[in-house]
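Peer 1: Below are the sequence and a predicted model for it; my questions follow.
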Amino acid sequence: MKILEIDNSRRFLKLSIECEEDLWILYNVIKKGDIVYARTSRELKTRSGSKRKAMILGIRVEWAEFQPFTTRLRIHGIIVYGPRELDLEGQRHTLSIDIGSVITMFRESGWVGIDYERIVEASKKITIPVLIVSIDDEEYCLAIVKGYGIQVISEGYLKLPSKFETTSRSSALRSSIKEILNQIADLMNRYGLKILIIAGPADVKEYLYEEVKSDKRFKDAKIYIENTSWSGVKGVYEVLKRGTLIEVLKDHDLVIEEHLLDEFMYYIAKDPRYVAYGIDDVEFAAQSRAIKKLMVISDLVRHPNEETRKKVEDIIKLAEKQGAEIKIFSTVHETRLKLKNLGGIAAILRYPLDRANT
């Protein structure tokens, strides 16, 4: 989650949603009476029939829920802001918030206390350990993506000779690229980064991409390439708005899910008392204050059966209070199927639980 903007009174808060855990946090902090602004679409009647029109609406929240069988959070309420010419105020509308959505939230009393703390805590995490390099034949910028935005590490100019000086220009470009490659390698090693996005408007990014791909120092890195209109810092911010970053988020989520499942299988083989799986077993572990890491498929969080959904929500909230690491498995990954075979919910425990005496 990124905090994109907050006003001095702390009543308006603009956020970018990066993962399913962000949707879970929103679900828990949004209260009835808050106003949420987001891009949406609405069916409008016309003389020739009806058509769906994209717009930004603000609604006063009445309730929020996870939509079954999707990754979306539905927020329902009364429209308080919309295009004046459409006269929509006072009508009901439901916003669908998903990974990649940008929303603005307003709370009359201000964003303070535990709700604000949960949002800030989520924004501080380096949710995606990724380095962005934005480059063309004039300038470059290296920046690390963090929960609250980007941290520019290095930027500069290539200072290449004129395009008419072919030989000297090629030599200078090779020298500049070599220097930038060394910077990339140093940053990825120093910060433990495994994901690299190379962006830019011209063919210099292609050259850098091929050099990175052939460099053994980056053999374990996941490398993406993105076309942008700008280079330098502007290009980095342009990448943040593009689809590539969403793909990076999904790929990184998959790696985390695989590592958690590997750890779970290690403990189940070594000593099954250190794990719990299935709703009833995990509920017992939560009530015993034993959960260290909790894994839940998103299907359970938005289960159509209210009783099941409520039980899963209570387990997650209880585990959160105990400081457990929570991971909601996405519906788009194969890891979800593996967790589903374990009952859709599983936990790695702080200490062994012996169920025989319960």
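Peer 2: Thanks, I have the structure now.
Peer 1: Every contact and neighbour count from this point should use C-alpha atoms.
Peer 2: OK.
Peer 1: now for the lengthiest strand in the chain, which elements pack on it?
Peer 2: Identified as the longest strand of the chain according to DSSP state E is strand 49-66. When contacts are defined as 3 or more C-alpha pairs under 8 Å, 6 or more residues apart in numbering; DSSP states H and E, strand 49-66 packs onto strand 35-46, strand 73-81.
Peer 1: most tightly surrounded among these?
Peer 2: strand 73-81 (a mean of 20; mean count of other C-alpha atoms under 10 Å).
Peer 1: relative to strand 49-66, how tilted is that strand?
Peer 2: Interaxial angle, strand 73-81 versus strand 49-66 (axes from the mean of the first three to the mean of the last three C-alpha atoms, to 10 degrees): 120 degrees.
Peer 1: Just checking: what are the partner strands of strand 73-81?
Peer 2: Sheet pairing of strand 73-81 (DSSP bridges) gives strand 49-66 (antiparallel), strand 92-97 (antiparallel).
Peer 1: Which one, of those strands, ends up nearest to Arg10?
Peer 2: Nearest to Arg10 among these is strand 49-66; the distance by C-alpha to C-alpha comes to 17.7 Å.
Peer 1: list the buried ones in the closest one?
Peer 2: Judged by neighbour count (16 or more other C-alpha atoms under 10 Å), strand 49-66 contains these buried residues: Leu57, Gly58, Ile59, Arg60, Val61, Glu62, Trp63, Ala64, Glu65, Phe66.
Peer 1: The helices and strands packed on strand 49-66: lowest mean pLDDT?
Peer 2: Least confident of the helices and strands packed on strand 49-66, judged by mean pLDDT, is strand 35-46 with a mean of 92.
Peer 1: contacts for that one?
Peer 2: Contacting residues not belonging to strand 35-46 are listed as 50-61, 95-96, 101-107 [C-alpha atoms under 8 Å, 6 or more residues apart in numbering].
Peer 1: Recalculate using a threshold of 7 Å.
Peer 2: 50-61, 95, 102-107 (C-alpha atoms under 7 Å, 6 or more residues apart in numbering).
Peer 1: Can you mark which positions in stretch 315-332 are buried?
Peer 2: Neighbour count says stretch 315-332 has Ile315, Ile316, Leu318, Ala319, Glu320, Ala324, Ile326, Lys327, Ile328, Phe329, Ser330, Thr331 buried, by 16+ other C-alpha under 10 Å.
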